[in-house]
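A.B. asks: Generate a structure from the sequence data that follows.
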Amino acid sequence: MKKFLILLAVLVLFCAFPVCAEEIPVYINGERLEFDVAPMLVNERTMVPMRFIFEKFGATVAYEHETRSVMAGYTDSNGDSSIIFFTIGSDTAFINNKLVILDTASFETEGRTLVPLRFISEALGHDVFWNEEESAVYITTKI
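C.D. replies: Next up is the predicted model:
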């Protein structure tokens, strides 16, 4: 009985505190980003907080609470503009009114909306590299 109670206590503690995988480092032009909600892998895609990553790239973000829709606008250094539109939880998005199917839909956790980092980065014209050895993401912006 005593062993059962110890095992039960261990299981309760294990379930009460989520087991976190090692944090996924994300770098933009060599600078490591610090997120308030850690990036996570979902369906082999790195998911990051939406507003933070859009603003880090210099994009403006508008969120419509009732429809859970997001629109982000970005103008690069050449003056080329991009508009990204998606609904949280949907596996579709629009880039400049062109439909794009996402492998992983955005979702909410810890009061933040997480989005696929590669999709957002490439939609804004940046290069993304996944370093398997380091389990890290490297993004190079086009200046």
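
A.B. asks: For the residue nearest the centre of the chain, pull up the helix or strand it's in.
C.D. replies: Centroid-nearest residue in the chain: Val48, 2.2 Å away (criterion: CA atoms, centre = their mean). Val48 is part of strand 45-49, with elements assigned from DSSP states H and E.

A.B. asks: what does that strand contact?
C.D. replies: 24, 26, 35-37, 39-41, 103-104, 106-107, 112-118, 120, 130, 137 (CB atoms under 8 Å, 6 or more residues apart in numbering). Glycine gets a C-beta too; all of them are placed from N, C-alpha and C.

A.B. asks: what are the ranges of the helices in this protein?
C.D. replies: For the chain, the helices defined by DSSP state H occupy 2-16, 50-56, 117-123.

A.B. asks: looking at those helices, which has the lowest confidence?
C.D. replies: Here the helices of the chain differ in mean pLDDT, and the lowest is helix 2-16 at a mean of 43.

A.B. asks: what separates Phe107 from Pro116, distance-wise?
C.D. replies: For Phe107, the distance to Pro116 equals 10 Å [CB to CB, to the nearest Å].

A.B. asks: Out of the two, name the residue with the larger neighbour count.
C.D. replies: Counted by other CB atoms under 10 Å, Phe107 and Pro116 do not tie: Pro116 has more neighbours, with 21 against 13.

A.B. asks: How about that one: which residues does it bridge to?
C.D. replies: Under DSSP bridges, the beta-bridge partners of Pro116 are Met47.

A.B. asks: List the residues that contact it.
C.D. replies: The contact partners of Pro116, taken as CB under 8 Å, 6+ apart, are Arg45, Thr46, Met47, Leu102, Asp103, Thr104, Ser106.

A.B. asks: Understood, closing this out.
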